[in-house]
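Peer 1: below is the structure, and that's it, no one-letter string:
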């Protein structure tokens, strides 16, 4: 993020995400799907097996079946690359990884890692990282492009008790998060960014709102991600995240 070499800002950022986690596989096939049809989304979510499904609202001139919009770039088991296939549909695309029968019959923990790339709107301002299954421990690192982004804040909707440890390093353009406890479905993190040209406008809005009284605000996996020139690191299986991009 930003995309391209033009001096004019583009409407999208490149988001690159890498997950790494340890698991004992129970299903031979691992799928990644991106769709713009709500009925198709519900069908894929209801399927048995390991399927990560993302729903993206239809946008004129931007087909979710386009690999420029979403692409699985790599999948490994214990560091060994595993080939995958890509299926194109009218309302999306599906990547299918065949883990083989040996990893299932061995019934032993393995380290799975995968990397994908996606487009996110610049003016969307948020990136959701969702947990959809019980997970023990989470390490996340988000790096971003300071040429486009002024600041990134992290909102923790995942941890319990004392919460996770958040470390913001603006000079290094990195936000880190760590939680050693258990995470459960419907939990997640939200990364919110402010663009350079929005900083002044937001300060003006805050000053205008100051006189108002009683204003209120609510504010073993590893992942690495990045926005713009950025990326996120995480090591949890993010299957079936019910989010709209």
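Peer 2: Cool, got the structure. Small disclaimer: the values here were computed from a predicted structure and weren't measured.

Peer 1: which neighbouring elements make contact with the helix or strand harbouring residue 112?
Peer 2: Following DSSP states H and E, one finds residue 112 within strand 110-121. The elements that strand 110-121 packs onto, with contact taken as 3 or more C-beta pairs under 8 Å, 6 or more residues apart in numbering; DSSP states H and E, are strand 12-23, strand 29-35, strand 70-77. In this view, the C-beta of every residue, glycine as well, is placed from N, C-alpha and C.

Peer 1: show me what counts as buried in the last one.
Peer 2: Judged by neighbour count using 16 or more other C-beta atoms under 10 Å, the buried positions of strand 70-77 are 70, 71, 72, 75, 76, 77.

Peer 1: distance of the second one from residue 77?
Peer 2: From residue 71 across to residue 77, the span is 20 Å (C-beta to C-beta, to the nearest Å).

Peer 1: isn't residue 139 up against residue 167?
Peer 2: No: using C-beta atoms under 8 Å as the test, residue 139 is too far from residue 167 to be in contact (11.3 Å).

Peer 1: these two: which is more packed in?
Peer 2: Between residue 139 and residue 167, residue 139 has the larger neighbour count (other C-beta atoms under 10 Å), namely 21 against 11.

Peer 1: just to revisit the earlier point, weakest of the helices and strands packed on strand 110-121 by average pLDDT?
Peer 2: Note on the helices and strands packed on strand 110-121: lowest mean pLDDT is at strand 12-23, with a mean of 93.

Peer 1: other SSEs contacting that strand?
Peer 2: The contact analysis (3+ C-beta pairs under 8 Å, 6+ apart) places strand 12-23 against strand 110-121, strand 221-227, strand 231-234.

Peer 1: next, count neighbours for the closest residue to residue 119 other than its chain neighbours.
Peer 2: Nearest non-adjacent residue to residue 119, counting by C-beta to C-beta, 6 or more residues apart in numbering: residue 12, 4.4 Å away. Neighbour count of residue 12, defined by other C-beta under 10 Å: 21.

Peer 1: same deal with residue 47?
Peer 2: Neighbourhood size, residue 47 [other C-beta under 10 Å]: 12.

Peer 1: residue 94 versus that one, what's the distance?
Peer 2: Noted for residue 47: a distance of 11 Å to residue 94, by C-beta to C-beta.

Peer 1: again, but for residue 32
Peer 2: 7 Å.

Peer 1: and the two? Which one has more around it.
Peer 2: Between residue 32 and residue 94, residue 32 has the larger neighbour count (other C-beta under 10 Å), namely 24 against 20.

Peer 1: not counting its neighbours along the chain, what's nearest residue 74?
Peer 2: Nearest non-adjacent residue to residue 74, counting by C-beta to C-beta, 6+ apart: residue 115, 4.6 Å away.

Peer 1: what sits against that neighbour?
Peer 2: 16, 17, 18, 19, 72, 73, 74, 75 (C-beta atoms under 8 Å, 6 or more residues apart in numbering).
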